[in-house]
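Undergrad: Structure, please.
(chains A, B, C and D, ligands or ions: 6)
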Amino acid sequence: MTTGSAQLTAANFRSGINPDWCPGCGDFGVLNSLQRACAELGLQPHQILTVSGIGCSSNLPGYINAYGAHTLHGRSLAVATGAKLANHDLTDVATRGDGDGYGIGGNHFTHTARRNIDITYIVMNNQIYGLTTGQISPTSRLGMKTKSTPFGNVETPLNPLTQAIMNGATYVARAYSGDIRHTTALIRGAIEHKGFALVDVFSPCVTFNLDNSHDFFKQRVSKLEEQGHDPRDWKAACERAMEWGDTINIGLFFQGDDIETLGQREPVLEKGGPIAHRDLAVTDEQREKIVRRMM
Amino acid sequence: MTTGSAQLTAANFRSGINPDWCPGCGDFGVLNSLQRACAELGLQPHQILTVSGIGCSSNLPGYINAYGAHTLHGRSLAVATGAKLANHDLTDVATRGDGDGYGIGGNHFTHTARRNIDITYIVMNNQIYGLTTGQISPTSRLGMKTKSTPFGNVETPLNPLTQAIMNGATYVARAYSGDIRHTTALIRGAIEHKGFALVDVFSPCVTFNLDNSHDFFKQRVSKLEEQGHDPRDWKAACERAMEWGDTINIGLFFQGDDIETLGQREPVLEKGGPIAHRDLAVTDEQREKIVRRMM
Amino acid sequence: MAGSFDFALAIGGEAGQGIATPGNILTRLFIRRGLYFNAYNAYQSIVRGGHIFLTVRISDAPVYTHGDKLDLLLCLNQDTMDRHLGLMGEGTRAIFNSDSINPGNPRQGVELCPIPVGQVSGSRNRLVQNTIAVGATCALLQLDFGILQGSLEARFARQGQSVVDENVGVARAGYEYAQQNFTPYPLALPETDRPQAQWMGNEAIAMGAAAAGVKFYAAYPMSPSTGVLHWMAQNARDLGIMVRQVEDEIGVANMVMGAAHAGARAMCSTSGGGFALMTEAVGAASMMEIPVVMVDVQRAGPSTGVPTKTEQGDLWQTLGASQGDFPRLIVAPTSALDAFHTIPEMFNLVDHYQCPGLVLSDLLISEGTFSVDPDDIDMSPEINRGKIITEAGTGNGYQRYKDTEDGISPRAIPGTEGYVHVVATDEHDEDGGLISDEYTNPYKRRAMVEKRARKLNDALDRVPAPALVGPADADVTLIGWGSTQGAIKEAIEQLAADGVTANHLQIKWIVPFHADVVTGIVNAAKKPIIVENNYSGQFYRYLRSETGLTIDSHIRKYDGEPFMPHHIANGAREILAGTADVFVPYQEVNV
Amino acid sequence: MAGSFDFALAIGGEAGQGIATPGNILTRLFIRRGLYFNAYNAYQSIVRGGHIFLTVRISDAPVYTHGDKLDLLLCLNQDTMDRHLGLMGEGTRAIFNSDSINPGNPRQGVELCPIPVGQVSGSRNRLVQNTIAVGATCALLQLDFGILQGSLEARFARQGQSVVDENVGVARAGYEYAQQNFTPYPLALPETDRPQAQWMGNEAIAMGAAAAGVKFYAAYPMSPSTGVLHWMAQNARDLGIMVRQVEDEIGVANMVMGAAHAGARAMCSTSGGGFALMTEAVGAASMMEIPVVMVDVQRAGPSTGVPTKTEQGDLWQTLGASQGDFPRLIVAPTSALDAFHTIPEMFNLVDHYQCPGLVLSDLLISEGTFSVDPDDIDMSPEINRGKIITEAGTGNGYQRYKDTEDGISPRAIPGTEGYVHVVATDEHDEDGGLISDEYTNPYKRRAMVEKRARKLNDALDRVPAPALVGPADADVTLIGWGSTQGAIKEAIEQLAADGVTANHLQIKWIVPFHADVVTGIVNAAKKPIIVENNYSGQFYRYLRSETGLTIDSHIRKYDGEPFMPHHIANGAREILAGTADVFVPYQEVNV
Ligand SMILES: Cc1ncc(C[n+]2csc(CCOP(=O)(O)OP(=O)(O)O)c2C)c(N)n1
Ligand SMILES: Cc1ncc(C[n+]2csc(CCOP(=O)(O)OP(=O)(O)O)c2C)c(N)n1
Ligand code: SF4
Ligand code: SF4
Ligand SMILES: [Mg+2]
Ligand SMILES: [Mg+2]
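TA: Ligands and ions are numbered 1, 2, ... in the order given. Prediction:
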């Protein structure tokens, strides 16, 4: 993944723009971790494409020195898939929020996971709709009071990790953005992993979700790496992902190896390089074959 | 669920219209089973609302003597949810195909399941897009040759059962439409169950899916009920749902009890009967309260 | 403006500085005094920082826009001072915290009102400047302090006596400092004998729905429509309304269709991008003949666009929503109060015609805050559910899609004994049976297309024709649609002061459209000018498609900000002078 | 029709009876002989049963429609006989299996050709009647049996000699039985020296895309557009095209946008309901300035409608796709061959203008089968990718959305060293930075709206103006758009035979629209009549919105079936006679 160019530092991955997130927003930690992971992997900015939807978190592509696409709410995985298939040399990172990714974008999540396409999927999960100033998200806890649920949420939150595992994602991790070193390692692992990699990051919204604050997580998160969890065991992974109480697990829950990616299975990518850069002309021979079948 | 009216037979649930499915289509068995289940439960036609999307299978509401809505491709769960919340006295059965339900309708599946709304969800899973004359569906096997994959499908199929379990469905079953008695029992159980109930039915498309034929299933299906499976054990349920080979399990994989339905959690439904039949007028007292807050 | 008092103040600062609170304290105080107001909040899609600029215009007569000029500027940060001071004119004041804000050079006649907040309040809390500013404002308006004190007590009562005391104390300090150091305005704040209420446009829409008997409301949050969801959620239990936040707008629209099919009056609201996702359901509702109301609160597009800015850019999206030809109704209310009344009207129409009704609001209406006369809040409008069957019967020969003379077929609600039937998005026969799947029959197909279309034959009789307001022989005729009503009205007053007579045609009903009435008015007009808050003249293009009228003069705006009355008056003057055909005003205030 | 030979045969039966095979054997045989044909298949959204009716019209000169009349009816079931025999006229023949079909009473001059299939073939297989019928058809057309034998050998070769022998034997039996028992047609099947090829419209579209250099194609199956996906999937490997069937149309459109952004020429196709789901992406592509081509193959709507029937009902859906104002191109090809040529043209335009291009096909074009001259299949059209940057550079001062004079900003492809940037659906500044989230700036906003709109300023120069065909002073001017081209052309020939002169204006480019040219032509016309295959006059309403023209005479059809030439000729006659303003022909054949 490295080129001949000079090794860059995390600072080289800062864009000129200052994030307009609220002071203390968890998303700063995610941005920081992603920048570090890119630097550690020896990537160059032009080799990376970040694709986001719409939301506070989805503003991330504007803040990292890399190609970026700030697309429609809920659609970043579809756009990222198209881009990755058109140019599989790109390091393709979809970055977005929980509403964007698990709410409106849920169907793309399911199907992108089962295709096991080589995309890193970072979801800044603050269990709230931040940009729209505080309504429940699909990961908001039961009973949570928000502007759209002033008397408490009555819908059971979904569990993105068990979903991802069952959908066929081959790298499923959870991080807490307050722990940048750990988050960096998980993101780095996700980018290195060949296949669809989810990193769900607790990234507290300090303005609209006072239930799931930095303090809340700091007191609870516990690293799977320190618990001897085997990420090859999907059942254990699901069990650990379901634990939610005084201890909330973070780390690499599941990793499936030796599962072909969509790119590897797709014969059109076998040779000829990225399709985006192939010669557009139809050869006489190709034309001949087509027309013959029509006669 | 019974009324004072006379007990009906399955034949009473036939509409005047002859199904235009291909002879041998698996959907006949599903229709038949649903009609029987309704009769066994002592339901009256007007108490039932079947809601479908678009597809061969989705033509079902036209063939059963019950209220029916043949809605948009992929949207039947959303329509069914609206109808159920507007009139929770209705027996609400969403009936559709695998493309409709797990492909384009996948996001509604995820979110309807986690809400645990009291809907019976019957998916006629023929692992193909029938009505559009044979393209892969999200449940088509790897390598399957169809009109859209003439060289073989390269996308891993999804597993609706493990998905449903992880999404929060509280009744998850699989049937084979060639076994009407068994299918009837599972559908009956689903209607009786309070909460979101999936019955995924292998319902062979005899015209476009020659891989997964009646013979294919007849040789392989094995009933969980005969294997001592405990449907309260979600891990075992997932394991049994993942088995796919010489033996393919059918039956009730998972049932979660004592989980409140959306209707039970939603205070607006606590009293006053179906909202569709409530008085529309705003009382002076209600108006007073609203206007006071504005001053 | 017929009032004797016309005063505008603005509060500027950044997101997170709590601008809403002083704004709210002041507007409450004004309406209790029986004053009218119109407030527009210019803000950004960012939760902290950026620039927020709340303009509140007050009068003792109804006010239709936030106006053209400011009398008082409350600067909560340096940025506000830098952006806006230069636009303040003779006789105005600017209040600011001199501890942290540097005034720069005001124009002649602007009185700077620096308050050393730290010293005056004895506090380092950065929010006290807001309360100080409120106190100072009241002093400048020669308002008795006791009135402000009463307001503060009411507002902070829930937070305990010490909070009340602190706020009253700080406000008093600001009040007294201003009395001692600054010149009060020459006109004191008047009072009328009718206390007003206040609402935001989105609340008016939600209340209109509640009044119409909506029992099912669903939404996916999207600015600037989310306020409807918030009101609904807040009031759901009291009013027995089922309110749902759904996974996406497709789910929203289809859920609403399901609820409507099951017999509830059902509504949803969104903005343009969400509406794009709902369009397939618009066609489905029309084909299945299910009455639903969908509100599109327009914001500046295209695509995600400028989520916190206004535009009238979705007209063609509603006209072109979904494939094929089918009946739909479209209305663009002209104010918050009009929106409140329009929702029940629309429900009666969609229940009558059994088709979808689309309501075009925009950020200007929906997120504006306005005074409203409590007597205008009629929560018991006429309700007419059309041909609906909910009583058990034999249903002998019942056909859901009976090909009746007026195209309207009695609608049995699922659950009703004796009327079992199927509704379908496929073409169907009178029974609801699918003709495309059973056999394909061009005669039945044609009959069903005509049946559905025929339903709207008499629709024009059921919606009021737009009327020309003002002298018939005016120099110019200003034609607007939807939310531009207030700005055009005031522009006409400004033109009159200038000796230019103008009359006014405001269009509200888009479908059905009173083409003949409009054609008559335009043909009689000396100089028709179309005013719209978009780039391409979406209304003009629609008007022309319905009437063939060619109109050469246009005033358009598409920079995200709404029209101020003088933009339109200037445009009319330039067009009359022959210096412009399409006039696009420059937005003077970098809000 | 300038040809000396004009013959139409139809094969009718039910789904599952294998009608496609005899149809295909015959059309292959015709094109090898250098004949032209045009085939329309009337079918239903049902996999077995129902009624399928394939009409094949053959000539030694190009044929533009499936025509008005039948010379030969091949009945594969009783239903076909019952539906169609009554419409057969003097000099025609009807072939049927007398073992199972009862002819009823034909009109005077119709020769019934009953074949006792069981006895003739010596087989009970229900499919042999198809082959017998093909043999009999060749006999009636006085075709040498050897030619049919050659065709059958080629077709069944892959299935082994015994299958070949069986088919040849059965066909011969039918051939000989017909020779002995029925009267051959007076005109023998002609032959030209240029063998033709054949394609369906969807294949023409797919091939146009391949020729344009499309390297990414995605779709979700939807009739009548699915044929494009099938062709693409079949040819993906040979041509190095990435073809994906996606989970839904939203995914399709966004994937295509992603691939286009990454530098590939990318396309998708769908029908109206799928397009409704794609509309949000249309606005996004325009805002991000990503070139994509989306094909909407129209079918009879609204909503699910009649999936296997045709209509020109989605024009306003494309005009109103997505919220806000933004540049988009819209074209409606007039035939399969035209569609083939249009796709590469559209790609050059969208690459040039960096915006979405929408192509309106319909079932008539897309699922029709047509002969095509192999020489017309130019797979090497000009390719112009516009201002695109793919070479590494320093990118000094590079701005993705530079506010250039023509509005077009050089587009660097992700992966290119030195040009790192962000594209956004939010409003943005020249750098792609989000103005709405950083600070809200009405001047930048206005500038960007104008920059994007300005791109299309010279678009009219890049698409041909529509031209009037026929005598300038004709009695009537028939104006059509898109797929009605062939039917109008033939209607004009029929009118001429009647002494009515008509000229023809066919519109292909919708946006940009040559309003001045069209206005000139319409104003000069004696009796302009607009012909469209929909209920509400979608094109007329658009024409009027662009030109203000009022046209009183219309021929419309919305029963699911396409126009036959005589429908239009009849309409013109009635309109000229003053007996109709809006003429809606009756579909005589209950297909
Ligand atoms: C189609 C559509 N619907 C709704 C919106 C409005 N919207 C913008 S961001 C957002 C949700 C933000 O929540 P999340 O994705 O969790 O991101 P966060 O702001 O919390 O980081 C919504 C609903 C939109 N832009 N587009
Ligand atoms: C928005 C939209 N996209 C596509 C279609 C076309 N379509 C109709 S049925 C169908 C799939 C049918 O497959 P499935 O749901 O598995 O049902 P089956 O016919 O196999 O029973 C599709 C893609 C449609 N009607 N609407
Ligand atoms: S609102 Fe919440 S998610 Fe958005 S920037 Fe602020 S803290 Fe972060
Ligand atoms: S095509 Fe397949 S799914 Fe459809 S009716 Fe025939 S057998 Fe059943
Ligand atoms: Mg969030
Ligand atoms: Mg299927």
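
Undergrad: Would you point out which residue of the stretch 451-591 of chain C is nearest ligand 5?
TA: C:Gly560 (25.3 Å; C-beta to the ion). Where C-beta positions appear, they are placed from N, C-alpha and C, glycine not excepted.

Undergrad: Tally up the residues packed near C:Gly91, please.
TA: Neighbourhood size, C:Gly91 [other C-beta atoms under 10 Å in any protein chain shown]: 12.

Undergrad: check contacts around it.
TA: C:Gly91 makes contact with C:Asp71, C:Gly109, according to C-beta atoms under 8 Å, 6 or more residues apart in numbering or on different chains.

Undergrad: ditto for C:Ala515
TA: So C:Ala515 contacts C:Glu546, C:Thr547 (C-beta under 8 Å, 6+ apart).

Undergrad: mind checking the SS state of A:Met124?
TA: Look at A:Met124: counting by DSSP: H, G, I helix; E, B strand; the rest coil, its state is strand.

Undergrad: cool, A:His111 as well?
TA: Per three-state DSSP, A:His111 ends up helix.

Undergrad: List, one by one, the residues from chain A near chain C.
TA: A:20-23, A:54, A:56, A:70, A:72-74, A:103-104, A:106, A:129-133, A:135-136, A:138, A:147-151, A:207-208 (C-beta under 8 Å from any C-beta of the partner chain).

Undergrad: Find the nearest non-adjacent residue to the residue in the stretch 151-295 of chain A that ligand 1 sits nearest to, please.
TA: Scanning the stretch 151-295 of chain A for proximity to ligand 1 using C-beta to the nearest ligand atom identifies A:Cys205 as nearest, at 5.9 Å. Leaving aside its sequence neighbours, A:Cys205 sits nearest to A:Asn126 (C-beta to C-beta, 6 or more residues apart in numbering or on different chains; 3.9 Å).

Undergrad: Show the model's pLDDT score for the residue of the stretch 151-295 of chain A closest to ligand 1.
TA: As predicted, A:Cys205 sits at a pLDDT of 98.

Undergrad: so of the residues of chain A next to chain C, which ones are in strands?
TA: A:His70 (DSSP state E).

Undergrad: ok but C:Ile330 is inside a strand, no?
TA: Yes. Residue state for C:Ile330 (three-state DSSP) corresponds to a strand.

Undergrad: Give the ranges of residues in chain C that sit below the confidence cut-off.
TA: Applying pLDDT under 70 to chain C picks out residues C:1-2, C:436-439, C:590-591.

Undergrad: that older thread, what about burial for the residues of chain A next to chain C, which qualify?
TA: Neighbour-count burial (16 or more other C-beta atoms under 10 Å in any protein chain shown) is assigned, among the residues of chain A next to chain C, to A:20-22, A:54, A:56, A:70, A:72-74, A:103-104, A:106, A:129-133, A:135-136, A:138, A:147-149, A:207-208.

Undergrad: can you map out the helices along the stretch 101-250 of chain A?
TA: For the stretch 101-250 of chain A, helices defined by DSSP state H, counting those that start in this stretch occupy the ranges A:106-115, A:160-167, A:180-192, A:214-220, A:234-242.

Undergrad: where does the closest residue to ligand 2 within the stretch 351-500 of chain C sit relative to chain B, distance-wise?
TA: Closest contact between the stretch 351-500 of chain C and ligand 2, by C-beta to the nearest ligand atom, is at C:Thr425 (8.5 Å). Counting by C-beta to the nearest C-beta, to the nearest Å, the gap from C:Thr425 to chain B is 6 Å.

Undergrad: Phi, psi for that residue please.
TA: Main-chain torsions, C:Thr425, degrees, to the nearest 10: phi -80, psi -20.

Undergrad: do the one 3 residues further on as well
TA: With angles defined as degrees, to the nearest 10, C:His428 sits at phi -150, psi 170.

Undergrad: right, and it touches C:Ile435 too?
TA: Yes. With contacts counted by C-beta atoms under 8 Å, C:His428 reaches C:Ile435, the gap being 6.2 Å.

Undergrad: Quick one: closest of the helices of the stretch 101-250 of chain A to ligand 4.
TA: Comparing the helices of the stretch 101-250 of chain A against ligand 4 with C-beta to the nearest ligand atom, the closest turns out to be helix A:106-115 (21.9 Å).

Undergrad: who does the closest one touch, helix- and strand-wise?
TA: For helix A:106-115, the elements it packs on are helix A:76-86, helix A:160-167, helix B:106-115, helix D:249-261, judged by 3 or more C-beta pairs under 8 Å, 6 or more residues apart in numbering or on different chains; DSSP states H and E.

Undergrad: can you put the ones you listed in JSON lines and add distance to A:Glu239?
TA: Formatted as JSON lines, the helices and strands packed on helix A:106-115 follow (distance: least, C-beta to C-beta, whole Å):
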{"stretch": "helix A:76-86", "distance to A:Glu239": "27"}
{"stretch": "helix A:160-167", "distance to A:Glu239": "9"}
{"stretch": "helix B:106-115", "distance to A:Glu239": "19"}
{"stretch": "helix D:249-261", "distance to A:Glu239": "32"}
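
Undergrad: quick one: which of C:His428 and C:Ile435 has more around it?
TA: For the pair C:His428 and C:Ile435, the greater number of neighbours falls to C:His428 (26 against 23), based on other C-beta under 10 Å.

Undergrad: can I assume C:Leu72 is in contact with C:Thr92?
TA: Yes. Using C-beta under 8 Å, C:Leu72 is in contact with C:Thr92, at 6.6 Å.

Undergrad: State the distance from C:Ala276 to chain B.
TA: From C:Ala276 to chain B the distance is 15 Å (C-beta to the nearest C-beta).

Undergrad: Number of residues surrounding that residue?
TA: Neighbours of C:Ala276 (other C-beta under 10 Å): 32.

Undergrad: Tell me if I'm right that it and D:Ala253 touch.
TA: No. With contact defined as C-beta under 8 Å, C:Ala276 does not reach D:Ala253; the gap is 10.8 Å.

Undergrad: picking up where we left off before, list the contacts of the residue of the stretch 351-500 of chain C closest to ligand 2.
TA: C:Thr425 touches B:Ile54, B:His70, B:Thr71, B:Leu72, C:Gly283, C:Ala284, C:Met287, C:Met288, D:Ser303, D:Thr304, D:Gly305, counting by C-beta under 8 Å, 6+ apart.

Undergrad: Of these, which is the most crowded?
TA: Most surrounded of the contacts of C:Thr425: other C-beta under 10 Å gives B:Thr71, at 36 neighbours.

Undergrad: quick one, what contacts that residue?
TA: Contacts of B:Thr71 (C-beta under 8 Å, 6+ apart): B:Val51, B:Ser52, B:Gly53, B:Ile54, B:Val79, C:Asn254, C:Met257, C:Ala284, C:Met288, C:Thr425.

Undergrad: Distance to B:Ile165 for these - can I get that in a markdown table?
TA: Below are these laid out as a markdown table (distance: C-beta to C-beta, whole Å):
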| residue | distance to B:Ile165 |
| --- | --- |
| B:Val51 | 23 |
| B:Ser52 | 24 |
| B:Gly53 | 23 |
| B:Ile54 | 27 |
| B:Val79 | 24 |
| C:Asn254 | 25 |
| C:Met257 | 29 |
| C:Ala284 | 31 |
| C:Met288 | 33 |
| C:Thr425 | 31 |
